[in-house]
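*Asks:* The following block contains a protein sequence and its predicted model.
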Amino acid sequence: MTSFWTGNRIRLRGIEPDDWTPFMRFATDEERLGDLLNPPRSAESFRSWATEQSTAGSDSDCFRLVIEALDTGEAVGTVGVHQADPRSGWFEYGITMGADHRRKGYAAEAAAKLLRFMFAERRYHKCQARIFAHNEASLALQRRLGFVEEGRLRDQVFFAGRHHDLVLMGILADEFTRLHSPSEP
């Protein structure tokens with residue numbers, strides 16, 4: 001039997017110290033996409049962050065995983081749970097793909113794996129995602145996964161010299177289960 005964390009094209013795994021270079025590349029790719037602009041970080045800050053992440057314990061339902069392409073072993077993106085409220089039964093997730101690895105099905109497969117884990121194994125009831133309104137590719141991915149738009153926060157975030165809307169999307173565990181077979185890789 002293969003690992004739960006391995007699919008047809010990807011494997012989800014913990015962050016290793018050598019993953020600092022892909023994470024530095026992901027940050028640059030996000031900036032080029034027109035997402036949040038942050039001050040430049042040194043290579044050493046990415047190195048120390050990756051080293052710290054590789055040894056950090058996982059004592060909550062908030063975590064980040066590397067998306068690794070099975071055919072090349074390359075880190076192509078990252079997926080994680082950023083907030084979780086076990087009492088109310090909801091969590092929020094996010095996903096980032098390297099620019100060279102978008103629109104290849106990696107993100108959908110990785111997100112489905114993460115959602116299946118959180119719904120089936122951790123027994124959460126709802127997942128939320130916050131997407132910049134101008135990010136059509138990410139909005140389309142969430143819709144393909146079964147998310148529905150639940151609201152829009154107008155002029156919620158400021159970057160690139162102006163305010164931008166943030167789209168709130170959500171999916172319930174039973175909606176996900178209806179759309180995604182438990183036996184999918």
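*Replies:* Perfect, thanks for sending it. Numbering: from 1, shown residues only.
*Asks:* Mind checking what helix or strand follows the lowest-mean-pLDDT helix or strand in the chain in sequence?
*Replies:* Taking all helices and strands of the chain together, the one with the lowest average confidence (mean pLDDT, DSSP states H and E) is helix 20-33, at a mean of 82. Elements were assigned by DSSP states H and E; along the chain past helix 20-33, the next helix or strand is helix 43-55.
*Asks:* So which elements touch the following helix or strand past that following helix?
*Replies:* Using DSSP H and E, the helix or strand that follows helix 43-55 in sequence is strand 63-69. Under the contact definition 3 or more C-beta pairs under 8 Å, 6 or more residues apart in numbering; DSSP states H and E, strand 63-69 sits against strand 10-13, strand 75-85, helix 106-116. (Glycine included, C-beta is placed from N, CA and C.)
*Asks:* how about the first one: buried residues?
*Replies:* Buried residues in strand 10-13, defined by neighbour count with 16 or more other C-beta atoms under 10 Å: 10-12.
*Asks:* These into a markdown table, with extra columns for pLDDT and distance to Gly73?
*Replies:* Listed next are these as a markdown table, based on pLDDT from 0 to 100; distance: C-beta to C-beta, whole Å:
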| residue | pLDDT | distance to Gly73 |
| --- | --- | --- |
| Ile10 | 97 | 11 |
| Arg11 | 97 | 9 |
| Leu12 | 97 | 13 |
